[in-house]
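J.: return atomic coordinates for the entry below.
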Amino acid sequence: MMKTSGRVVSCCVALFLALTSVSAVQKLKSINDLKRINFDQSVPKHSLVLLYWFANTVEIDNNNIILLTFDPNEDYGSHHYGNYERLLDPLPQGNVRYQYYTVGNLNRVTAEPLPDYVHHFQIDPNMERNMDRIIFRVRDNNARQQRIDQVYITQHYGGNSGTRYDPDHTYQIAINLLIQISEFSVEGNQWNSLTVLRDRFRSNINDSQLLDLINKLQKFACLGLLLFIVTQEKYSSKQQNNRSQRVARRNTQPDFVISIPGNSHDVEIPQTSRHLLPQDQITLEVTTGTNGKARIFWSNVTTHRLTEGVMVVLFKDNEDEEASYYKEIWNREGSYDTSVPLNEGLQVRLHKVRKQCFFWTTAGEEICRGAEFQNPNAAEITGYDAQLQLFVKDGKACARLFVNKSFREWRSEFNKSWVGFYTSADKSTNEYEWWQWQWATKFTPSLGFRTSFYDVYEYRSGMAIAPGVQARFILTGEEVKARTPSWR
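T.: Residues are numbered from 1 along each chain as shown. Take a look at the predicted model:
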């Protein structure tokens, strides 16, 4: 009787240990769960690249069954995993045959290797390469296509240390998480796809950073977005607080700083720091681009600067500390058309490049800055104490009338006067742009521009500013009394 009781106790202990072993592996059910993994220090970030490949390689049918699409004994360096260290559950016994396999060894020679991006996507130079692995369990039910019923990510350690896989950093991947990751597919890298994914997973990445992903990663921009969401935004419960904090700090935090919740090393752009070398004769200028947008121009950037890494950064004015746009540059001179509407005051500055994380960069120390963009001077209206100025507002051609405060009868004098906008100085008076004109007396008082001796009135056209554009003041008929300088 005592022997029987002992066997029962032994069986209970064994069952308890088995259940404890099963519960020790944490199951990740969503991208939000994935954010909680410490990819900064404990787990290689490259695990995400490998998992991305796996999710986009296997097939998941309408019944949420994972179907194997490759030979697990040969393709991609995959091979049998014996689970000798009892890292995972023992294989079920019965008529259905189960088998564990592992994949992810970049050094394994195989006829069907892992794709180049899995081999060369370097995102964490501080951690040892080729540590991350995926273990999957295959259910062989003699069907035409084998099924996968369990997927894990883990770390592999070489040598003779006994345990070859890390039990403390092994995680089971739920089917729902694989489905979410597969949404970031290799083919889905158009702007609309990225913005839909950003909104669906409530990412706080901004448009400038999305464009940067497209420019740098091209067809792998969706993979970059996934990496950003998982490794940069961390715990989703803190995202709303983080958004509100960024709004509150809007005057001191550039839009393109990659904010990591809880990270105290967000980069702010210093306003006055300048580090020019004797050989620096750098030229920085904001000019007129296409469709009324600002164009950044630079020249005389030395090879030394380019080798160290520099970027041109656009600001609203000389006092601004919140960047509107930025672009890393590699040429001594060049230009770049931004998406920022042209306005007076815009200023371009040259900054050192600072690597924020893997392929993301942000602005480091300021090196130098150019002059603010200025509207051209006003032209005298012949015979009258008034002036006409062509200026730009949000990329549109605008006109400004300066009327001396002593010229009180100007409305009656200019009762039939009008201002027209022309694409070039060569156009005749009646060749103004279609509907791009206004009666002088219909100009409205300026709300943001005042002088001591003049009353100021403005009109904003719908015409995009461009080089060559000119405004003219016509007294009556076709009698031109003022021509502004052609827009540069």
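J.: where does pLDDT dip in the stretch 151-300 of the chain?
T.: 158-163, 186-189, 234-280 (pLDDT under 70).
J.: where along it do the helices fall?
T.: Taking DSSP state H, counting those that start in this stretch as the criterion, the stretch 151-300 of the chain contains helices spanning 175-182, 191-200, 207-217, 221-232, 239-248.
J.: from those, which stretch is densest packed?
T.: Highest mean neighbour count of the helices of the stretch 151-300 of the chain: helix 221-232, a mean of 24 (counted as mean count of other C-beta atoms under 10 Å). All C-beta spots, glycine's among them, are computed from the backbone N, C-alpha and C.
J.: who are the packing partners of it?
T.: Taking 3 or more C-beta pairs under 8 Å, 6 or more residues apart in numbering; DSSP states H and E as contact, the helices and strands that helix 221-232 lies on are helix 31-35, helix 46-55, helix 191-200, helix 207-217.
J.: can you say which of these is nearest to Asn130?
T.: helix 46-55 (8.4 Å; C-beta to C-beta).
J.: from the contact counts, what lies against the closest one?
T.: Contacts of helix 46-55 with other secondary structure elements, assessed using 3+ C-beta pairs under 8 Å, 6+ apart, are made with helix 116-120, strand 132-140, strand 147-155, helix 175-182, helix 221-232.
J.: got these as JSON lines, with distance to Val196 columns?
T.: Rendered in JSON lines, the data for those read as follows (distance: least, C-beta to C-beta, whole Å):
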{"stretch": "helix 116-120", "distance to Val196": "22"}
{"stretch": "strand 132-140", "distance to Val196": "27"}
{"stretch": "strand 147-155", "distance to Val196": "26"}
{"stretch": "helix 175-182", "distance to Val196": "13"}
{"stretch": "helix 221-232", "distance to Val196": "11"}
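J.: and the helices and strands packed on helix 221-232: which comes nearest Gln172?
T.: Nearest of the helices and strands packed on helix 221-232 to Gln172, taken as C-beta to C-beta: helix 31-35 at 10.5 Å.
J.: ok so, going back, now the helices of the stretch 151-300 of the chain in a markdown table, with distance to Ala399?
T.: As requested, the helices of the stretch 151-300 of the chain are exported to a markdown table (distance: least, C-beta to C-beta, whole Å):
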| stretch | distance to Ala399 |
| --- | --- |
| helix 175-182 | 54 |
| helix 191-200 | 36 |
| helix 207-217 | 32 |
| helix 221-232 | 42 |
| helix 239-248 | 36 |
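J.: Ile296 contacts Leu314, doesn't it?
T.: Yes - counting by C-beta atoms under 8 Å, Ile296 sits close enough to Leu314 to count as a contact (6.2 Å).
J.: still on that earlier bit, tell me which of the helices of the stretch 151-300 of the chain lies nearest to Asp394.
T.: Checking the helices of the stretch 151-300 of the chain against Asp394 by C-beta to C-beta gives helix 207-217 as the closest, at 17.4 Å.
J.: output the contacting helices and strands for that closest one.
T.: Applying 3+ C-beta pairs under 8 Å, 6+ apart, we find helix 207-217 packed against helix 191-200, helix 221-232.
J.: so which of these gets nearest Glu59?
T.: When the helices and strands packed on helix 207-217 are compared by C-beta to C-beta, helix 221-232 sits nearest Glu59, at 18.5 Å.
J.: just the CA atoms of that closest one, as PDB, please.
T.: Provided in PDB are the C-alpha atoms of helix 221-232 (Å, rounded to 0.1, in the frame of the first residue of the first chain):
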ATOM      1  CA  ALA A 221       9.800  50.400 -45.100                       C
ATOM      2  CA  CYS A 222       7.000  48.200 -43.500                       C
ATOM      3  CA  LEU A 223       9.600  46.200 -41.700                       C
ATOM      4  CA  GLY A 224      11.200  49.500 -40.500                       C
ATOM      5  CA  LEU A 225       7.800  50.600 -39.200                       C
ATOM      6  CA  LEU A 226       7.300  47.400 -37.300                       C
ATOM      7  CA  LEU A 227      10.700  47.800 -35.700                       C
ATOM      8  CA  PHE A 228       9.900  51.400 -34.800                       C
ATOM      9  CA  ILE A 229       6.600  50.400 -33.200                       C
ATOM     10  CA  VAL A 230       8.000  47.600 -31.200                       C
ATOM     11  CA  THR A 231      11.400  48.900 -30.100                       C
ATOM     12  CA  GLN A 232      10.800  52.700 -29.900                       C
END
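J.: give me the distance from it to the chain's centre.
T.: When distances are taken as C-alpha atoms, centre = their mean, to the nearest Å, helix 221-232 is centred 10 Å away from the chain's centroid.
J.: residue contacts, Phe449?
T.: The contact partners of Phe449, taken as C-beta atoms under 8 Å, 6 or more residues apart in numbering, are 400, 456, 458.
J.: how close does it get to Ala378?
T.: Separation of Phe449 from Ala378 (C-beta to C-beta, to the nearest Å): 11 Å.
J.: likewise Leu114?
T.: When C-beta to C-beta is the yardstick, Leu114 and Ala378 sit 66 Å from each other.
J.: what does Arg97 give?
T.: Taking C-beta to C-beta as the measure, Arg97 falls 87 Å from Ala378.
J.: so the two - more neighbours on which side?
T.: Legend: neighbour count by other C-beta atoms under 10 Å for Arg97 and Ala378, higher for Ala378 (20 against 13).
J.: now for that one: which residues touch it?
T.: 387-389, 400, 402, 484.
J.: restricted to strands, list those.
T.: By the criterion of DSSP state E, membership of these in strands covers 387-389, 400, 402.
J.: going through those, which ones are buried?
T.: Among these, those buried by neighbour count (16 or more other C-beta atoms under 10 Å) are 387-389, 400, 402.
J.: may I see those residues arranged in TSV, with pLDDT and distance to Phe70 as well?
T.: Converted to TSV, these look like this (pLDDT from 0 to 100; distance: C-beta to C-beta, whole Å):
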residue	pLDDT	distance to Phe70
Gln387	96	75
Leu388	96	72
Gln389	96	69
Arg400	96	68
Phe402	95	75
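J.: ok, those vs Val58, which is closest?
T.: Nearest to Val58 among these is Arg400, at 64.1 Å by C-beta to C-beta.
J.: list the contacts of the closest one.
T.: Residues in contact with Arg400 (C-beta under 8 Å, 6+ apart) are 378, 388-391, 446, 449, 456-458.
J.: so how far is Val480 from it?
T.: Per C-beta to C-beta, Arg400 is found 17 Å from Val480.
J.: thanks a lot, see you next time.
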